[in-house]
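A.B. asks: All I have is the shape, not the residue letters:
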C-alpha cells in the first residue's frame, strides 16, 4: 500500500477539493500522502550515480540533442535536468539492482494505476484515463536537478491534460538551498507574491495546468549545494 489511508478518506478528499477550487492557480499541497518507508527505498535507488540521462528542452523544440542545445539562445533554453532511465545500465545490473529497480518502477506504475487515478479523479472532479494516451509510461518519471540545472517559466497546459503532479523526494531539505517550485499565480493576503513551495520530503503538489496563474518555474539551487540533487516525480494525467 503506497498511500496513507488516513490521507484519502472521504473527508480528506472533500477538503482537498475545496482547497483546490479556492486557490489561484487551482492547486493543493499534500504532505505525507505516501508511505515514508517505501519512499525511502525509492530514494536509495535514485541516489545511485547510474541510471540518469541528461534531458534538455527549448521553447521551440523539446528533447534537443547537444548540438541543437548549443545552437539555441539562452532565452530559448528552458529545461536542463536529468531523467531516470534505468534501462541505460540494465546490461550491467546485478540481482539486487534489479530488485531495487523493481521497487522504483512499481511506484511509477502505482501512480498510473486505477487506484491512484481514481483518487485524483475525485479531487479534480474529472474522469482521468490513459485510454487515449499512446505512451502513458513516459508521462510519469523521476527527475533530478543540481545547481547547474534549471526549469524556467513554462506552462503544462497541453490539450486534454487535466492534472499535474509533483512529488518531492528530498530528505531534510534546507529552505535556504533553493529549488522551490514557484507558481506565477498570486496568493491573496500575502502581498500578492508568487506562490513558493519548498520541495520537502513526501510533499505532493497537484494542480490544474489550465487554471489561471499555473505557469511555473523552479528556483535554481544555491551554489553552496553544488554537490546535492533535488529529486522529484513528475506525472501528467489526461481526461477522456
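C.D. replies: Everything's here; your move. Worth saying up front: this structure is predicted, and the values here are computed from it rather than measured.
A.B. asks: next SSE after the worst-scoring helix or strand of the chain on mean pLDDT?
C.D. replies: The weakest-scoring helix or strand in the chain, judged by mean pLDDT, DSSP states H and E, is helix 95-111 (a mean of 77). Counting by DSSP states H and E, the element after helix 95-111 in chain order, helix or strand, is helix 114-124.
A.B. asks: How far off centre is the next helix or strand after that next one?
C.D. replies: The first helix or strand that comes after helix 114-124 along the chain, using DSSP H and E, is strand 140-145. Its chain's C-alpha centre and that of strand 140-145 lie 7 Å apart, by C-alpha atoms, centre = their mean, to the nearest Å.
A.B. asks: residues in contact with strand 140-145?
C.D. replies: Contacts to strand 140-145, defined as C-beta atoms under 8 Å, 6 or more residues apart in numbering, come from residues 46, 52, 55, 81-84, 104, 108, 111-112, 151, 169, 179, 218, 221, 229-236. (Each C-beta comes from the backbone N, C-alpha and C, glycine too.)
A.B. asks: helix or strand right after it?
C.D. replies: For strand 140-145, the following helix or strand on the C-terminal side (DSSP H and E) is strand 150-154.
A.B. asks: Could you list the residues in contact with that following strand?
C.D. replies: Strand 150-154 is contacted by residues 59, 77-81, 145, 184, 215-218, 220 when judged by C-beta under 8 Å, 6+ apart.
A.B. asks: Name the nearest of these relative to residue 118.
C.D. replies: Ranked by distance to residue 118 (C-beta to C-beta), the contacts of strand 150-154 are led by residue 216 at 25.9 Å.
A.B. asks: Not counting sequence-adjacent ones, nearest residue to the closest one?
C.D. replies: Spatial nearest neighbour of residue 216, chain neighbours left out: residue 183 (4.9 Å); criterion: C-beta to C-beta, 6 or more residues apart in numbering.
A.B. asks: And residue 218, by the same measure?
C.D. replies: Nearest residue to residue 218, sequence neighbours excluded (C-beta to C-beta, 6+ apart): residue 151, at 4.0 Å.
A.B. asks: Dig out what the one you found forms beta bridges with.
C.D. replies: Beta-bridge pairing of residue 151 under DSSP bridges involves residue 79, residue 218.
A.B. asks: residue ranges for the helices of the chain, please.
C.D. replies: Per DSSP state H, the chain carries helices over the ranges 10-22, 36-46, 66-71, 95-111, 114-124.
A.B. asks: Check which helices and strands the last one sits against.
C.D. replies: Applying 3 or more C-beta pairs under 8 Å, 6 or more residues apart in numbering; DSSP states H and E, one finds that helix 114-124 contacts helix 10-22, strand 161-168, strand 203-207.
A.B. asks: and those as JSON lines, adding distance to residue 123?
C.D. replies: As requested, the helices and strands packed on helix 114-124 are exported to JSON lines (distance: least, C-beta to C-beta, whole Å):
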{"stretch": "helix 10-22", "distance to residue 123": "5"}
{"stretch": "strand 161-168", "distance to residue 123": "8"}
{"stretch": "strand 203-207", "distance to residue 123": "7"}
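A.B. asks: related to what we said a few turns ago, please list only the buried members of the contacts of strand 140-145.
C.D. replies: 46, 52, 55, 81-82, 84, 104, 108, 111-112, 151, 169, 179, 218, 221, 229-236 (16 or more other C-beta atoms under 10 Å).
A.B. asks: circling back: looking at neighbours, which among the contacts of strand 150-154 is most surrounded?
C.D. replies: With neighbours taken as other C-beta atoms under 10 Å, the top of those is residue 216, carrying 26 neighbours.
A.B. asks: Now do the same contact list for that one.
C.D. replies: 153, 154, 155, 156, 181, 182, 183, 184.
A.B. asks: surely residue 3 meets residue 36?
C.D. replies: No. Counting by C-beta atoms under 8 Å, residue 3 does not reach residue 36; the two are 11.9 Å apart.
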